[in-house]
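A.B. asks: sequence-free structure coming up:
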């Protein structure tokens, strides 16, 4: 299984490399830190640009991808981030809110897997024990309400933006909180996320990468794991592909398409065509909106773009390179936001 299936998306934006990493705080990066306490959810830490005395501005609430990674990471090249927004420029015109996952700090050092180059970070106990779709939905819902109590928000322009796992969370938040006026999602699943590896196995059989017998054996083994996950949906000691059974069961409980169909606000969805499994889910979302006669969806697929919106180039079967195009994708999305 590849990283797309577990919906990890880390975009490393090298910020302010002249800063000494040990001195970096939310305030140095332009955020004010807030903490909410909830008997069931525990500590909820979120960070908001601007000051409480600022005049009214539109609000953007950003939900990042999966994994226990800090919102900002100290790396050898400078500062990386899971925040794919150009928040420094956007904060001139918008209030930007970002939310930490349970037990995860705003910023910390991350390692690197020597074999893959993929970032590594030890899961905090609170993350392991608490992280679920329900936690992410409820915490984001509470944060939005709390922001409205603290600062002046332009109520007609409240954008909820989810990337990767955050794109699976965002539709449920938008359905729960009527303060959200616009929704953007990038690279999330529309259907049950556990369907992804099944689709992958079928693809491999059709492409000749597996025999049909091998693909069926792989799918049968997946259903064995899924049975264990659904039988132990609260387990935080059993893991599969880097996540607890609790995490998997919670995200596989309510397909995002069901919440999306309830929305009448403007919705923008963007995918790369090489993000194979999620884009199939997104095609189903589009089909459902067509079936229902709903006109509030803008659906954008970028041919040959991957999960992180890199443009992938091949010559025949030979890989030739990947060109980052995330800025272009975001510019087009915010152009839509400006028009709706």
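C.D. replies: Now that the structure is in, tell me what you want to look at. Quantities reported herein were computed from a predicted structural model and do not represent experimental measurements.
A.B. asks: okay, now the nearest residue to residue 253 once chain neighbours are set aside: neighbour count?
C.D. replies: Using CB to CB, 6 or more residues apart in numbering and skipping the chain neighbours, the partner closest in space to residue 253 is residue 133 (6.9 Å). Quick note: C-beta positions are derived from backbone N, CA and C, even for glycine. Neighbourhood size, residue 133 [other CB atoms under 10 Å]: 22.
A.B. asks: residue 133 and residue 170 touch, don't they?
C.D. replies: No: under the criterion of CB atoms under 8 Å, residue 133 makes no contact with residue 170, lying 11.1 Å away.
A.B. asks: for the stretch 201-340 of the chain, what spans make up the helices?
C.D. replies: Taking DSSP state H, counting those that start in this stretch as the test, the helices found in the stretch 201-340 of the chain are 212-231, 245-251, 256-260, 276-292, 326-339.
A.B. asks: next one: the stretch 1-150 of the chain
C.D. replies: Counting by DSSP H, counting those that start in this stretch, the helices of the stretch 1-150 of the chain are 87-90, 125-130, 133-150.
A.B. asks: what segments of the stretch 1-150 of the chain are strands?
C.D. replies: Counting by DSSP state E, counting those that start in this stretch, the stretch 1-150 of the chain has strands at residues 31-38, 42-49, 57-63, 72-75, 78-81, 95-99, 107-109, 111-112, 119-120.
A.B. asks: can I get those in a markdown table with mean pLDDT, mean neighbour count and distance to residue 318?
C.D. replies: Below are the strands of the stretch 1-150 of the chain laid out as a markdown table (pLDDT from 0 to 100; neighbours: other CB atoms under 10 Å; distance: least, CB to CB, whole Å):
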| stretch | mean pLDDT | mean neighbour count | distance to residue 318 |
| --- | --- | --- | --- |
| strand 31-38 | 96 | 14 | 44 |
| strand 42-49 | 97 | 20 | 44 |
| strand 57-63 | 97 | 24 | 37 |
| strand 72-75 | 88 | 20 | 30 |
| strand 78-81 | 85 | 20 | 30 |
| strand 95-99 | 97 | 24 | 39 |
| strand 107-109 | 93 | 16 | 37 |
| strand 111-112 | 86 | 12 | 27 |
| strand 119-120 | 85 | 15 | 28 |
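A.B. asks: on that earlier part again, mind listing what the residue nearest to residue 253 touches?
C.D. replies: 168-169, 172, 247, 250-251, 253-254 (CB atoms under 8 Å, 6 or more residues apart in numbering).
A.B. asks: mind putting those in TSV, pLDDT, distance to residue 190 and neighbour count included?
C.D. replies: Converted to TSV, those look like this (pLDDT from 0 to 100; distance: CB to CB, whole Å; neighbours: other CB atoms under 10 Å):
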residue	pLDDT	distance to residue 190	neighbour count
168	96	9	30
169	98	13	28
172	98	12	23
247	98	19	27
250	97	17	20
251	96	13	25
253	94	14	13
254	94	12	17
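A.B. asks: can you pick out the most distant pair from those?
C.D. replies: Greatest spacing in the contacts of residue 133, by CB to CB: 172 and 247 (15.1 Å).
A.B. asks: out of the strands of the stretch 1-150 of the chain, which is closest to residue 193?
C.D. replies: strand 57-63 (15.5 Å).
A.B. asks: report the angle between the closest one and helix 326-339.
C.D. replies: Going by axes from the mean of the first three to the mean of the last three CA atoms, to 10 degrees, strand 57-63 is angled at 140 degrees with respect to helix 326-339.
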